[in-house]
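A.B. asks: Pasting a predicted model and its sequence here:
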Amino acid sequence: MAKRRLLSVVVLSGIFALTSCGDTESTVAGPGSETTPQIGNLTTSSSDGFALPGSSSDGTALPGSSGGLFDPGSSDGMGGQPGIGGGTDIGGTPAAGSSSSIGQATPGSSSNIGGGANSSSNGQAAPGSSSNGQANPGSSSNGQVAPASSSSAGQATTPASSSEVAQASGGIFLAEGKEEEKDQMKVVYKTNTGWDGGGILAYPEQLSSDKKHAVVVWGPGGGEQPGKYEGMIRRLASHGFVVIALKESPGDASQATKALDWMEQQNKDSGSPLNGKLDMNTVGCSGHSMGGLESEQAAIKDKRVITAFLNNSGDRGGGAFKNIPATKTAGVVFGEKGMEHDNAISDYRSATSVPACMIEMTGGPNTGEGGYGHGSGPWDGMAITIAWMRWHLGGEDFRKADFVGSSGKYINGNIIGKQGKWKGECKNFN
């Protein structure tokens, strides 16, 4: 009798374990949630090759150069298979912190893009910022207050947001809320997926039934995991894009091309949630540091990519913008004190025919690097990448005035929700 009872307990325990280990789906709050990640300790890596003078687009770093990137504290999913259904979904949103001193180092030092950063450890999301620079905690696109989202034991609170989606002219699906400083829609976030099982896939929970979604490839910095950029990946997806983040960025477009080939397969797979949902001719590439070089080369080599937007990156080996076809567009955002500064400017200057912009982040905190540094784009400057993709992929032509001309949001406007100002310049736009 005792053995029979023991056997029953073992069988019941096994059944419970089997039924508790399935994939969980993650969604994040809609308008008003802030996805600035919690900043941890910074690390250095000689493999980044991100923009030291003399580095080329193949990502080769000069001797003694470092790829110091910081750890935003995002958790990386474990397990899962390369297929969409095999990834591990991460619940909740990253803890918020002050990212104004991101990626900062002692001025003049290139061996450690480090130094601590003030961050929040309470796991609460920071309030969203409104377009006038005023704090707007938890507000939704219709002006009503939405509950703040939080993460607890991997579960996310996902309040409903009103009027989540709208159709952009040109047939590309975009979130109705237009404020790039905020998340707009709930998203599905899958880790350990992609062609090599090491990427991240994120897309709106509510996919369009009659419009196509543009695709954005995100490339991480050298030696960094894609999960370090969870805030950026989620923000892009919340605005209506389907995002595939690469496992690594060699800087030669090889990983971006393979990721897009995999996305093509998902678009044709009747068993995929993305079946028939993607416009594979409306693709944008973006990334940080080496990920920026990967994006730049993808715009040069892959006909599916119609725009590239580099974050804290740039090739000074003669400049690669000049090699991007004139039918595409390219941009770069960089920090006033980032070691990529000169490379970014040289890359932009090399553009002879492609419509291009360079935007500098100025007036940053006088700590670490002494202003906005190598980590400024994907965190404090996150909004500009969203705006760029909504313009060039989503067909929001009104955003041209924010970038092109003598005065505009990203030409000489304030960095909303942060300190300092944008300083932008563009050329070759009609």
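C.D. replies: Yep, that arrived.

A.B. asks: Could you use CA atoms for every contact and neighbour count after this?
C.D. replies: OK.

A.B. asks: Next, count neighbours for the closest residue to F321 other than its chain neighbours.
C.D. replies: Counting by CA to CA, 6 or more residues apart in numbering, F321 lies nearest to A351, which is 4.8 Å off, once chain neighbours are set aside. Number of residues near A351 (other CA atoms under 10 Å) recorded here: 22.

A.B. asks: repeat for T327
C.D. replies: Other residues within reach of T327, judged by other CA under 10 Å, total 10.

A.B. asks: can you give me the helices for the chain?
C.D. replies: Along the chain, counting by DSSP state H, helices occupy 2-18, 230-238, 254-268, 290-301, 341-350, 382-392, 400-403, 409-412.

A.B. asks: The second one - contacts with which helices or strands?
C.D. replies: For helix 230-238, the contact count by 3 or more CA pairs under 8 Å, 6 or more residues apart in numbering; DSSP states H and E identifies strand 187-193, strand 199-204, strand 242-245, helix 382-392 as packing neighbours.

A.B. asks: let's see 10 Å
C.D. replies: Other elements packing on helix 230-238 under the criterion 3 or more CA pairs under 10 Å, 6 or more residues apart in numbering; DSSP states H and E are strand 173-175, strand 187-193, strand 199-204, strand 213-219, strand 242-245, helix 382-392.

A.B. asks: Direction included, what does the shortest one pair up with?
C.D. replies: Translated: strand 173-175. strand 165-167 (antiparallel) (DSSP bridges).

A.B. asks: same thing with the second one?
C.D. replies: Strand pairing for strand 187-193, determined by DSSP bridges: strand 88-89 (antiparallel), strand 199-204 (antiparallel).

A.B. asks: what ranges of the protein fall below the confidence cut-off?
C.D. replies: The chain contains residues with pLDDT under 70 at 1-170.

A.B. asks: at 80 what do you get?
C.D. replies: Residue ranges of the chain with pLDDT under 80: 1-170, 316, 318.

A.B. asks: Scan it for its longest strand.
C.D. replies: Counting by DSSP state E, the longest strand found in the chain is strand 278-288.

A.B. asks: how much space between the closest residue to K322 other than its chain neighbours and M358?
C.D. replies: Nearest non-adjacent residue to K322, counting by CA to CA, 6+ apart: A351, 4.2 Å away. Distance from A351 to M358, counting by CA to CA, to the nearest Å: 11 Å.

A.B. asks: So for these two, which residues contact both of them?
C.D. replies: Both A351 and M358 are in contact with A330, K427, where contact means CA atoms under 10 Å, 6 or more residues apart in numbering.

A.B. asks: if we can go back for a sec, would you tell me which of the helices of the chain gets closest to N281?
C.D. replies: Ranking the helices of the chain by proximity to N281 (CA to CA) places helix 254-268 first, at 10.3 Å.

A.B. asks: Dump the closest one to CSV, keeping only the CA atoms.
C.D. replies: The C-alpha trace of helix 254-268 is given here as CSV (Å, rounded to 0.1, in the frame of the first residue of the first chain):
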residue,chain,number,x,y,z
SER,A,254,25.8,38.5,-43.5
GLN,A,255,23.7,38.1,-40.4
ALA,A,256,21.1,40.7,-41.5
THR,A,257,20.6,38.9,-44.8
LYS,A,258,20.2,35.5,-43.2
ALA,A,259,17.7,37.0,-40.8
LEU,A,260,15.7,38.4,-43.7
ASP,A,261,15.8,35.1,-45.5
TRP,A,262,14.3,33.5,-42.4
MET,A,263,11.6,36.2,-42.2
GLU,A,264,10.8,35.4,-45.8
GLN,A,265,10.2,31.8,-44.8
GLN,A,266,8.0,32.8,-41.9
ASN,A,267,5.9,35.0,-44.2
LYS,A,268,5.3,31.9,-46.5
